[in-house]
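Asks: requesting a structural model of the entry that follows:
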Amino acid sequence: MRNKNLLNYGLPDLSHLDFKVIKDSLSKKFITNEKFCERFEKKICNLTKSKYAVVCNNGTSALMMSILACNKKNIVAIVPNINFVSIASIISLLKGKLIFCDVNPISGMVDSKALQKILLDCKIKKITPNLFIPIHYAGNSLDTKELSKICKKNKITIIEDGCHSFGTIDNNKNFIGRSKYSKCTTFSFHPVKNITTIEGGAVTTNDKVLYNKLLSIRSHSLKRTSINDPYLLVSPSLNFRLGEVNAAVGIQQLKKLKSFKKKRVEIVNYYIKKFRKFNNYFQILNYESNNIFWHLFVILLNKKYQKKKLALMKFLKTKNIASQIHYKPISFHKSFQKNMVLNNCKNSSLFYKSQLTLPLHVNMKKKDVDYLAKTLETFFKNL
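Replies: Numbers count the residues shown, from 1 in each chain. So this is what the prediction gives:
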């Protein structure tokens, strides 16, 4: 019999933490933005081969800091419609304009064809975008080299959203975060991500000017001056600082990066083996990709079974199996309507109808996949 505990779609592994190190991070005079944060930043640079890294308190902050650092007077941002709401919320709060770009229905990511199409629509409607913020989806990688050629011609700055893909190597043999074809890359270290700092994020870049802006923005953009005038506000900002204890966790998580990746690959490969019999019902997303650090295990339901997705999710829940949607198209959220200036996203709707995320994390066992496969078999046989 299987344990009755819920099979979560994502969980962290903190079993390896050395609490002497955690205690050390809390015993210093300053417990935020100090030595552990600096060490964490250096290790991120060593991994990604970026020149600079700035850690912060979450992935949303990493995105907001990056946008603020790019210093666009009037933000007109192209964002993938298959995405978490955070990026659209940031643009809306900054009084910017949102252009929702369609995705490739197979990968769930923006490709050159989708980007060129939305830019043509922009030209017809006389809209001039100045930011493009694509997401590396589910652990996979974008073709940033090709996308950058298109953006360069149109004077558009690229901010890569790497929240799903820390540790992934792209087709050009660069780690996500190298930022070779973009202004910068953002990461999330939320508990279900590839590594965690409990809560946390980071921005990597090769631009020294941007790096210095990020350092300032991270701490209210306040500059020390003199006793007579102790603080000079360079520009409005917020507190995006990361705690030393979070950085200490992150440093230890980085030591496990290879083993975490290996474990996820093993589980994915076993999924693929066990799920061959379900080809008539669904397809597995991106399992052919090489060198990706699997963040999500996504299936795409075949058209005949898409209307059964909610029923499937409810059935899985009765069997203590958690599933998730990544994501409801941002354009479906009414809150963003007043900031939306363009939306032509047929493929995003199709992807949303078919997409379902199943459990994947380093604490999973092969028996969990066996149980899930048996549960799916029962569901589809009874349709």
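Asks: all strands for the stretch 51-200 of the chain, in order.
Replies: Assigned by DSSP state E, counting those that start in this stretch, the stretch 51-200 of the chain shows strands spanning 52-56, 76-80, 97-101, 131-132, 157-161, 184-188.
Asks: how much space between Ile87 and Asn206?
Replies: Ile87 is 22 Å from Asn206, where distance means Cβ to Cβ, to the nearest Å. The C-beta positions use only the backbone N, C-alpha and C, and glycine is treated the same way.
Asks: if you count what's nearby, which of those two comes out ahead?
Replies: Ile87 (25 against 16; other Cβ atoms under 10 Å).
Asks: how about the nearest residue to Lys303 once chain neighbours are set aside, what does it touch?
Replies: Nearest residue to Lys303, sequence neighbours excluded (Cβ to Cβ, 6 or more residues apart in numbering): Ser354, at 7.6 Å. Ser354 makes contacts with 282, 300-303, 306, 309, as judged by Cβ atoms under 8 Å, 6 or more residues apart in numbering.
Asks: can you check Lys308 too?
Replies: 301, 383.
Asks: so it belongs to a helix, correct?
Replies: Yes: under DSSP: H, G, I helix; E, B strand; the rest coil, Lys308 sits within a helix.
Asks: please report the distance of it from Leu238.
Replies: With the distance defined as Cβ to Cβ, Lys308 ends up 44 Å from Leu238.
Asks: likewise Leu257?
Replies: From Leu257 to Leu238 the distance is 30 Å (Cβ to Cβ).
Asks: Asn194 now?
Replies: 26 Å.
Asks: and these two? Which one has more around it.
Replies: Neighbours of Asn194 and Leu238, each counted by other Cβ under 10 Å, are more numerous for Asn194; the result is 26 against 15.
Asks: quick one on the thing from earlier: list only those of the contacts of Ser354 flagged as buried.
Replies: Neighbour counting with 16 or more other Cβ atoms under 10 Å marks 282, 300-301, 306, 309 as buried within the contacts of Ser354.
Asks: got a markdown table for these, with distance to Ile133 too?
Replies: Shown next, in a markdown table, are the buried ones among the contacts of Ser354 (distance: Cβ to Cβ, whole Å):
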| residue | distance to Ile133 |
| --- | --- |
| Phe282 | 29 |
| Leu300 | 24 |
| Leu301 | 28 |
| Gln306 | 28 |
| Lys309 | 28 |
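Asks: out of these, the closest to Leu119 would be?
Replies: Of all the buried ones among the contacts of Ser354, Leu119 sits closest to Leu300, with 26.9 Å by Cβ to Cβ.
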